[in-house]
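A.B. asks: sequence plus the predicted model coming up.
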Amino acid sequence: MIKKNKTRKISQNDKDLICGTNVILYKSFQKQYTYKELLNFNNSTNKYYENFNSYLKEPTPKPCDNFYQYVNAYWNKHHKITLNTYNTFDKIQEKVYDEIFEIYKELVETSSTSKEIVNMKEFYDSANALMTPESSMININNYIDNIVELTNDPLKNNLWRILAMTCKNKIVSSSGSPLFFDIKPDEKNTNTYSIYFEPIKHLFPIDFFLDVNNRELNNSVSDYVNYLNTLIKTIFGDNNKLGLNGKDYIDVLREIALCFYETEGDTNDNTLTYYKLNTKATYTYTFNFVEFLKEIGFNTIPTTCITINLNYFKNITALMLKKWNTDKWRNYWILIYVEQVARFTNKWHTSGELLFSKFIRGSISEYADKVRAVKLMLIPFNNLLSRSYVAKYKNDYAINYIKFLINDLKIVLYKNIKKNKWMDAKTINYALLKIQNIKVIVGESSYVIDDPDINFINNDIWGNLIRIMDWKINELINLINKPVSLLPTVDWTQRPFVFIESQAFIVNARYNRSTNSIYVPLAFIQKPFIDLEESGIAYNISNMGYILAHELLHSLDITGSKYDLTGNLKDWWSNNDKKHYLKIQENIKEQYILASKKDKLEVNLTDISISENFADINSIYLCVEYLKDYQVKFEVPLKLAKLILEDFYIFYANNMKEKILNKRMSYRILYNPHALNQYRVNIPLSRLDTFNAMYDVKKGDGMYWNNKYPFF
Ligand SMILES: [Zn+2]
């Protein structure tokens with residue numbers, strides 16, 4: 001891939017950009033003040049000095065004790081928030097959705113007669129208005145009749161029909177279906193599609209329902225029960241004949257959660273991530289694949305499926321067969337549907353938003369209606385809107401800079417791995433090859449597939465979403481064992497929902513382990529993540545540079561290291577390497593455990609979380625190496641060299657400012673795989689020789705860590 005790029009023909013336009021002949025780097029910022037601001041200039045200057053003086057007077061922790069607080073204590077004290085987090089990503093993301101809304105309006109104005117645009121307007125109107133309670137009630141009553149009929153007739157293998165009904169609707173199956181069904185690239189052969197069975201997905205980490213000793217978690221579960229009961233009351237009033245209630249729902253969730261831990265069956269290996277199931281060997285697993293897959297829509301039944309957790313798969317199958325048509329389970333099947341219909345119904349959705357935004361952001365309303373409608377519109381009109389967005393906002397100069405930056409960071413990582421002392425020579429060579437082969441996609445629209453040709457109805461968002469899901473599942477059924485094409489995929493578990501694949505309009509970068517590629521969407525290439533006008537190298541490396549390095553390192557984290565250079569699940573590590581790598585992971589774990597213990601906080605020790613910590617630790621090291629190379633190359637005076645590193649540390653700590661309400665602390669820690677930002681700053685820095693030397697960190701200081709383990 002690198003080779004290809006090198007021999008690529010360079011157009012005059014590219015050449016101009018690369019050589020900088022038509023680029024103005026620094027712009028006048030004084031001109032950017034408005035007339036009114038200029039008139040008030042004295043006021044704002046006075047305020048600046050006032051703040052600055054008060055800042056100077058306030059005591060801050062020493063940098064060798066708590067660097068995060070050394071930088072952010074003042075902000076922390078004076079920044080009053082009702083939100084959980086201070087999140088620049090979300091703010092810029094909302095701005096991008098506003099921009100896409102403008103594009104939508106332009107399209108409607110300029111091509112009002114095009115069939116596609118008329119259809120898009122129908123969809124937007126439905127997404128903006130949501131369902132009326134009356135029309136949602138019709139959907140719900142039909143669904144209830146269906147479930148009641150199926151559960152009343154135990155002889156008909158109806159469990160598989162109910163499960164298939166649940167699984168076909170991705171919105172419902174993403175929030176509580178006992179099994180999550182998916183058709184996606186086979187991890188051992190990422191060029192073709194396969195059927196996947198995954199454990200339950202739920203907005204709350206499933207362990208929330210089992211940890212009965214944790215008061216904070218118990219309170220969260222009670223909040224959830226109350227929300228469900230309120231919702232049931234709102235929807236059914238006194239007409240709740242089946243006795244739907246929140247407590248039963250939680251009881252069933254607890255039974256399901258135990259399937260992760262019970263050791264029925266012949267395996268108890270929860271670490272398995274890939275296991276092929278033979279659909280013909282029905283009796284081995286007691287799961288009726290034929291019945292289930294027929295209900296999903298398959299005419300011919302594929303011979304294999306994949307599960308990522310065999311133990312769970314066996315346990316949940318046994319549990320469902322035993323309980324599926326009890327009253328509690330019948331009500332559970334109904335409630336997970338009702339809950340999702342409510343999410344798209346006027347007046348009903350607010351109670352859910354109230355609850356979930358409280359956990360996620362601490363704010364009252366997660367998104368304005370307009371933003372939600374724009375996001376929904378990006379599912380069926382993904383191609384059209386992404387292309388239009390890229391066409392309007394493409395910035396070749398910044399895109400090229402990002403490409404160079406990733407390449408530079410790749411080279412530094414390459415050099416670091418080459419110096420590695422603990423990996424076998426063979427493994428080092430393969431790791432180098434993997435790094436070299438990371439595909440870099442910057443600023444382009446990522447989708448090639450055409451938008452679906454579906455007729456939407458302007459007052460039926462629930463129906464419209466089902467039309468999209470049906471279209472998609474049919475597309476996917478036809479793609480089993482065939483080459484992968486790109487279809488937009490949404491994670492409905494999260495609230496607000498998120499797009500899984502990288503998309504041009506997403507404000508974040510992402511490493512994709514199943515294609516060994518890094519994608520930097522156009523929407524992410526803007527201030528404050530990158531500033532090629534007013535800011536210098538320390539600023540840009542602490543922002544964009546750090547994030548790109550972090551993403552690159554995911555290629556070698558606990559999960560990433562299990563995939564080869566083309567993105568297939570494959571073991572390329574020797575036993576000796578694995579032993580060493582495990583020691584490094586244990587060492588990382590230990591530091592996060594100790595730090596959390598000191599602050600009397602919980603700690604997230606899942607593999608995903610350790611991988612994030614691994615990426616943080618190694619990417620900060622990578623950035624510092626990059627800055628060192630820069631200083632040597634450009635002969636930066638040593639006095640200034642120290643300042644550049646200091647700038648970098650301070651900008652980084654400043655970017656990571658975070659404030660969390662105490663009562664939502666456990667949720668933040670257990671739900672978000674990234675460590676608390678205080679640790680994301682202090683722990684990676686504490687492992688740097690340069691940092692320790694600059695701030696004279698000694699044994700006994702808060703930033704001290706006796707680190708014997710090298711970086712990647
Ligand atoms: Zn990450």
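C.D. replies: Happy to help now that I have it.
A.B. asks: please enumerate the strands of the stretch 201-350 of the chain.
C.D. replies: Secondary structure of the stretch 201-350 of the chain by DSSP state E, counting those that start in this stretch: the strands cover 275-278, 304-307.
A.B. asks: separation between the residue of the stretch 101-250 of the chain found nearest the ion and residue 394?
C.D. replies: Relative to the ion, the nearest point of the stretch 101-250 of the chain is residue 205 (17.8 Å; CB to the ion). Where C-beta positions appear, they are placed from N, C-alpha and C, glycine not excepted. According to CB to CB, to the nearest Å, residue 205 and residue 394 sit 39 Å apart.
A.B. asks: which one's more surrounded, the two?
C.D. replies: residue 205 (18 against 15; other CB atoms under 10 Å).
A.B. asks: so what touches the strand ranked longest in the chain?
C.D. replies: In the chain, taking DSSP state E as the definition, the longest strand is strand 189-199. With CB atoms under 8 Å, 6 or more residues apart in numbering as the test, strand 189-199 has contacts from 179-186, 206, 259-260, 277, 293, 302, 304-309, 312-313, 316, 476, 479-484, 514-515, 566-568.
A.B. asks: those residues in helices, which ones?
C.D. replies: Of those, the ones assigned to helices by DSSP state H are 293, 312-313, 316, 476, 479.
A.B. asks: could you list the low-pLDDT ranges of the stretch 301-450 of the chain?
C.D. replies: Within the stretch 301-450 of the chain, the stretches with pLDDT under 70 are 357-368, 446-448.
A.B. asks: can you give me the helices in it?
C.D. replies: Assigned by DSSP state H, counting those that start in this stretch, the helices in the stretch 301-450 of the chain fall at 310-323, 327-343, 349-360, 369-377, 382-393, 396-418, 425-436.
A.B. asks: ditto for the stretch 501-650 of the chain
C.D. replies: Using DSSP H, counting those that start in this stretch, helices in the stretch 501-650 of the chain cover 537-540, 546-553, 575-598, 607-633, 638-655.
A.B. asks: can you redo the ones you listed as TSV with mean neighbour count, mean pLDDT and distance to residue 221?
C.D. replies: Converted to TSV, the helices of the stretch 501-650 of the chain look like this (neighbours: other CB atoms under 10 Å; pLDDT from 0 to 100; distance: least, CB to CB, whole Å):
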stretch	mean neighbour count	mean pLDDT	distance to residue 221
helix 537-540	20	94	43
helix 546-553	25	97	33
helix 575-598	15	94	22
helix 607-633	21	95	22
helix 638-655	17	94	34
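A.B. asks: residue 124 is nearest to which of the ones you listed?
C.D. replies: For these, proximity to residue 124 was assessed by CB to CB; helix 546-553 is nearest, at 32.1 Å.
A.B. asks: report the angle between the closest one and helix 638-655.
C.D. replies: For helix 546-553 against helix 638-655, the angle by axes from the mean of the first three to the mean of the last three CA atoms, to 10 degrees is 80 degrees.
A.B. asks: what's next to helix 546-553, contact-wise?
C.D. replies: The contact list for helix 546-553, computed with CB under 8 Å, 6+ apart, reads 402, 405-406, 409-410, 413, 435, 438, 508-511, 518, 520, 529, 614-616, 618-620, 622-623, 626, 652, 655, 712.
A.B. asks: again, only this time at 7 Å
C.D. replies: With contacts defined as CB atoms under 7 Å, 6 or more residues apart in numbering, helix 546-553 is touched by 405-406, 409-410, 413, 438, 509-511, 518, 614-616, 618-620, 622-623, 652, 712.
A.B. asks: and the residues you listed near the ion, which?
C.D. replies: Filtering the contacts of helix 546-553 for proximity to the ion by CB under 5 Å from the ion leaves residue 615.
A.B. asks: buried stuff in the longest strand of the chain?
C.D. replies: The neighbour-count check on strand 189-199 (16 or more other CB atoms under 10 Å) flags 190, 193-199 as buried.
A.B. asks: which single one of those residues is nearest to residue 698?
C.D. replies: Of all these, residue 698 sits closest to residue 199, with 46.7 Å by CB to CB.
A.B. asks: enumerate the residues of this structure near the ion.
C.D. replies: Proximity of the chain to the ion (CB under 5 Å from the ion) is limited to residues 612, 615.
A.B. asks: thought residue 342 was touching residue 231, still the case?
C.D. replies: Yes. Residue 231 is in contact with residue 342 according to CB atoms under 7 Å; the separation is 5.8 Å.
A.B. asks: overlap in contacts of the two?
C.D. replies: Taking CB under 7 Å, 6+ apart as the contact criterion, the common neighbours of residue 231 and residue 342 are residue 348.
A.B. asks: residue 273 contacts residue 306, correct?
C.D. replies: No. Counting by CB under 7 Å, residue 273 does not reach residue 306; the two are 9.7 Å apart.
A.B. asks: looking at these two, which has the bigger crowd around it?
C.D. replies: Per other CB under 10 Å, whichever of residue 273 and residue 306 has more neighbours is residue 306, with 19 against 14.
A.B. asks: beta partners of the more buried one?
C.D. replies: Beta-bridge pairing of residue 306 under DSSP bridges involves residue 196, residue 276.
A.B. asks: residues contacting it?
C.D. replies: Residue 306 makes contacts with 186, 194-196, 274-277, as judged by CB under 7 Å, 6+ apart.
A.B. asks: next one: residue 421
C.D. replies: By CB under 7 Å, 6+ apart, the neighbours of residue 421 are residue 710.
A.B. asks: how close does it sit to residue 708?
C.D. replies: Applying CB to CB, the value for residue 421 to residue 708 is 12 Å.
A.B. asks: could the helices of the stretch 501-650 of the chain be laid out in JSON lines, adding distance to residue 110?
C.D. replies: Below are the helices of the stretch 501-650 of the chain laid out as JSON lines (distance: least, CB to CB, whole Å):
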{"stretch": "helix 537-540", "distance to residue 110": "37"}
{"stretch": "helix 546-553", "distance to residue 110": "36"}
{"stretch": "helix 575-598", "distance to residue 110": "53"}
{"stretch": "helix 607-633", "distance to residue 110": "44"}
{"stretch": "helix 638-655", "distance to residue 110": "39"}
